[in-house]
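>>> Sharing a model that was predicted from the sequence below.
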Amino acid sequence: MRTPPVTFPMNIGVLALQGDFEAHQRALEELGVKAFQVRSQADFERADALVMPGGESTTMLRILDEEKLEEPLLALAKAGKPILATCAGVILLARETRSPSQRCFGLLDVAVVRNGYGRQLDSSIRRLEPAPAAAGRLGSEPIECVFIRAPIICEAGPAVATLLADGDTPVLVEQGPILGITFHPELTSDRRIHQLFVDKVKASLQ
């Protein structure tokens, strides 16, 4: 599903350490948004918002530490700038990770089970309907969801809203300026979730 490009000026950074960050960048650019790859502290400082792509969460933690990028990432979050996190990005933002546990940032009030949907061979594509409360923002048509070694959100705090679920399991959640997604919206042609994020960024800049 194609969405008309936006004209509101914004500068969205895409964390370019691992994962398919280029697919996220293309998705945003299809919406008419200026997107750039984030690899340095200066990049964080000029971003109006941040996309954290999938990948391998322990590797991402190591690179953030080696490149001294954890502090600017947390500063961006503390400033209330919107963040869209997919798959491993959700693991990093969670308050708790399980199976196995690892350090995370506690920015999103969820507990996640790593690789909860299984190994890469167990990857799947599912079509899921937006929650009724989110229909006005995502529409009512099912969303194609690509799960690749995806984490499972097993607990969510009271401030976390579920916008899309697989049965009783949240797969798209929102807490303030943060969107957490356990699948890969960048791998389909449906841009509704990226448009939802762009709308959040626009609102934060007005």
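Here it is on my side, so go on.

>>> Quickly note the distance from the residue most central in space within the chain to Pro9.
The C-alpha lying nearest the average C-alpha coordinate of the chain belongs to Ala85 (CA atoms, centre = their mean; 1.9 Å). Taking CB to CB, to the nearest Å as the measure, Ala85 and Pro9 are separated by 24 Å. Glycine gets a C-beta too; all of them are placed from N, C-alpha and C.

>>> Ok, Gly55 next?
Counting by CB to CB, the gap between Gly55 and Pro9 amounts to 29 Å.

>>> go on, Ile152?
Shown here: Ile152 relative to Pro9, a distance of 37 Å by CB to CB.

>>> Show me which of the two is the more surrounded one.
Just comparing Ile152 and Pro9: by other CB atoms under 10 Å the higher neighbour count belongs to Ile152, 19 against 10.

>>> hang on, the more buried one packs against Thr182?
Yes. Using CB atoms under 8 Å, Ile152 is in contact with Thr182, at 6.9 Å.

>>> Mutual contacts of the two, please.
Overlap of the contact sets of Ile152 and Thr182 (by CB atoms under 8 Å, 6 or more residues apart in numbering) consists of Val112.

>>> where are the low-confidence patches of this structure?
1-7, 115-122 (pLDDT under 70).

>>> ok, 50 please
Filtered on pLDDT under 50, the chain yields the residue ranges 120-121.
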